[in-house]
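Peer 1: Show me how the following folds:
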Amino acid sequence: MAGKDRGKEGRVLRVFPDEGRVLVEHVMTIKKHVRPNPQRNIQGGIAEQEAAISIANVALVCGTCGPVRIGHETRGDKKVRVCKKCGTTLDK
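Peer 2: Numbers count the residues shown, from 1 in each chain. Okay, the predicted model is just below:
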């Protein structure tokens, strides 16, 4: 939603609820200097990896509308996430 990677989309890899941050695939990539480690078969050099971004800068993406806010509804005996714009169910 904000910053240098505004508008990029990716899959959430990991959530850090205590820190209020998430890791998103191919978003906020940084370069990290890595030492070679023959025991783990790691080659040294400069590696790219994702850095954690704030949860406030992340939005759920609806298939028809794009980034949206969500609501919760009870359909049958399940509680599901629903798109606020078009009303479609976002849970699989």
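Peer 1: Please, where are all the strands along the protein?
Peer 2: 12-16, 21-24, 29-34, 45-50, 53-54, 60-62, 66-68, 70-75, 78-83 (DSSP state E).
Peer 1: which of the ones you listed is buried the deepest?
Peer 2: strand 21-24 (a mean of 19; mean count of other Cβ atoms under 10 Å). Every residue, glycine included, has its C-beta placed from N, CA and C.
Peer 1: Paired strands for that strand, with orientation please.
Peer 2: strand 12-16 (antiparallel), strand 53-54 (antiparallel) (DSSP bridges).
Peer 1: between those, which gets nearest to Thr89?
Peer 2: strand 12-16 (18.6 Å; Cβ to Cβ).
Peer 1: okay, the angle between the closest one and strand 45-50?
Peer 2: For strand 12-16 against strand 45-50, the angle by axes from the mean of the first three to the mean of the last three Cα atoms, to 10 degrees is 80 degrees.
Peer 1: Which residues does strand 12-16 contact?
Peer 2: Here strand 12-16 makes contact (Cβ atoms under 8 Å, 6 or more residues apart in numbering) with Val22, Leu23, Val24, Glu25, Glu50, Ala52, Ile55, Val58.
Peer 1: same question for that strand, mean pLDDT?
Peer 2: The average pLDDT for strand 12-16 rounds to 95.
Peer 1: now swap in stretch 60-76 and tell me
Peer 2: 89.
Peer 1: That one: end-to-end distance?
Peer 2: 23 Å (Cα to Cα, to the nearest Å).
Peer 1: ok, back up a step: with distance to Arg81 added, can I get the contacts of strand 12-16 in CSV?
Peer 2: Shown next, in CSV, are the contacts of strand 12-16 (distance: Cβ to Cβ, whole Å):
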residue, distance to Arg81
Val22, 16
Leu23, 21
Val24, 18
Glu25, 20
Glu50, 24
Ala52, 23
Ile55, 16
Val58, 14
